[in-house]
Every structure is written in structure tokens, then in C-alpha cells.
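Q: sequence plus predicted model, see below.
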Amino acid sequence: MKPAIMIIFAMFLGTLCGAQDRTNPKVAALTKKINTIIIPEIAFHNANLADVVQIITTTAKEHDAAKTGVEIVLMDKENKARVEMSLRGLSVHELLDFVAKIGGLVVEVREDAVVLRKPTTDRKLSSAN
């Protein structure tokens, strides 16, 4: 396989894994971990986001082979969204994606934690001449 094709394939594979920063091994390792911890069953009935994040954090630790779990941080403590869902056989990453969508948030995998935060815009401010 040619080097250019290998690089493109590696970038594509990283995107499938959900890596935020494919060049950072800590981010890649944490992304892999949240994709491989499977929660057999979980249900929330009119739960607030902070409680949901805490329950997912605890449940992830229980189902992690290493029993270390992952740090999950909710950056929008003021969010009033309520979670109503019952799911089976999903990874921690998939669960967090659902929760983030319900709360209008995004999932960001960092070196030492998974963060649920408000989306940001990539617009750059232009200066007036």
C-alpha cells in the first residue's frame, strides 16, 4: 500500500473511532476505551443531565474490564434538559452521544476525561479596516 493511501486510511479509521485528536495517544486510548465499554442495559426516566452523567460514570466503571472507568465531565450544569430513554448493549460513547443530543451538547474526548459541553462555532472574527 502506498504511503499516501495508508495515511488516508489511518485518518478514516480514526474518524470511525471518534477520535478528537488522532495525533494524541492519550485521546486515542480514551476514545478506544469508551467505545469498548459496553453497558448491557440502562434506563432513565425524567432524569436531569447531572444525574445521568453520574450514573453513566458509575456504570462504566462497573463494566470496564480494568474497573477504572472513565472521567465524564458535564460542563453545562445549568442545562435543564430531562432524559427519558431505555437502551441496551451500547458503548459508553454511544450513550454519551444520545445524552449530548438530548441536552443540545457535544461530546469531546480529551486526554484525561470525556467532556459534554455546549457546541462552539468555528467562525473567526474579522477586524474592520
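A: That came through, no problem. Numbers count the residues shown, from 1 in each chain.
Q: only C-alpha atoms from now on, for both contacts and neighbour counts.
A: OK.
Q: distance between stretch 101-110 and the chain's centre?
A: Centroid separation for stretch 101-110 versus its chain: 7 Å, with C-alpha atoms, centre = their mean, to the nearest Å.
Q: may I have the distance across it, first residue to last?
A: According to C-alpha to C-alpha, to the nearest Å, stretch 101-110 extends 19 Å from its N-terminal end residue to its C-terminal end residue.
Q: okay, the residue sitting nearest the centre point of the chain: pLDDT?
A: Using C-alpha atoms, centre = their mean, the residue of the chain that lies closest to the mean C-alpha position is Val107, 4.1 Å off. Looking at Val107, its pLDDT stands at 97.
Q: try Ile72
A: 98.
Q: kindly report the same for Thr120.
A: Thr120 carries a pLDDT value of 88.
Q: phi, psi of the residue nearest to the centre of the chain?
A: For Val107, the backbone dihedrals (degrees, to the nearest 10) come out as phi -100, psi 130.
Q: repeat for Leu90
A: In this entry, Leu90 is assigned phi and psi values of phi -110, psi 160 (degrees, to the nearest 10).
Q: with Thr58 instead?
A: Per degrees, to the nearest 10, the residue geometry at Thr58, taken as phi and psi, is phi -70, psi -40.
Q: now it: how far from Asp76?
A: When C-alpha to C-alpha is the yardstick, Thr58 and Asp76 sit 19 Å from each other.
Q: how about the residue nearest to the centre of the chain, what does it touch?
A: Going by C-alpha atoms under 8 Å, 6 or more residues apart in numbering, Val107 touches Leu96, Asp97, Ala100, Val114, Val115, Leu116, Arg117.
Q: where exactly do the helices run in this protein?
A: Applying DSSP state H to the chain gives helices spanning 3-17, 25-36, 49-63, 92-103.
Q: quick check: Ala66 vs Leu90, distance?
A: According to C-alpha to C-alpha, Ala66 and Leu90 sit 18 Å apart.
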